[in-house]
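Q: mind folding the following:
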Amino acid sequence: MSQIPQAAIALAKRFEGFHRVPKNDPGRAHPYVCPAGYWTIGYGHLCNPDHPPITEVEAERYLVDDLRIALTATLRYCPVLATEPEGRLAAIVDFTFNLGPGRLQASTLRRRVNQRDWTAAGQELRRWVYGGGKVLPGLLARREAEISLLDTKV
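A: From the prediction side, this is the model:
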């Protein structure tokens, strides 16, 4: 099994952030509703609203498990990424982590990646910036970060 690309871990941490820490309970994240309307905890881990608070170490454990699932799905749907530079794999793993394997499976993005058409894949990524019918600045920034990794040769 492939290793989770470090760039995918960095992207997830950058855009998910371990930030839902109330002042009266420092060091622990509590469940919150993400912009897409899902209950989440830690670094974007889906959960129930009554999930107990977690530490950053626990959040990192969830993140590794979630990224492993995203990596497996990414390589299943985009097998060409197994021989591409790690940055490209990291970009699509982050997309899969953020939006779920089903979105990758059914997407034109998947076709463009498997065709190794990196310019068109970047254009497809730019389509995935909406939440609740409007462009979300965080998703816009995340997709641009993913696109910059698609352009890497390393």
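Q: the helices in the protein, which residues?
A: Secondary structure of the chain (DSSP state H): helices at 6-16, 56-77, 86-99, 101-105, 108-114, 118-125, 137-150.
Q: kindly reformat these as a markdown table containing distance to residue 49 and mean neighbour count.
A: For glycine as for every other residue, the C-beta is placed from the backbone atoms N, C-alpha and C. Output for the helices of the chain, formatted as a markdown table (distance: least, Cβ to Cβ, whole Å; neighbours: other Cβ atoms under 10 Å):
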| stretch | distance to residue 49 | mean neighbour count |
| --- | --- | --- |
| helix 6-16 | 18 | 19 |
| helix 56-77 | 16 | 18 |
| helix 86-99 | 21 | 26 |
| helix 101-105 | 23 | 15 |
| helix 108-114 | 31 | 19 |
| helix 118-125 | 31 | 18 |
| helix 137-150 | 22 | 18 |
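Q: from start to finish, how long is stretch 46-60 in a straight line?
A: End-to-end span of stretch 46-60 (Cα to Cα, to the nearest Å): 13 Å.
Q: quick revisit: the helices of the chain: which one's closest to residue 28?
A: The minimum distance between residue 28 and those falls on helix 56-77, with 8.3 Å, by Cβ to Cβ.
Q: about what we covered before: turn the helices of the chain into TSV, including mean pLDDT and distance to residue 34.
A: Shown next, in TSV, are those (pLDDT from 0 to 100; distance: least, Cβ to Cβ, whole Å):
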stretch	mean pLDDT	distance to residue 34
helix 6-16	93	9
helix 56-77	96	13
helix 86-99	96	10
helix 101-105	97	15
helix 108-114	98	21
helix 118-125	97	19
helix 137-150	95	10
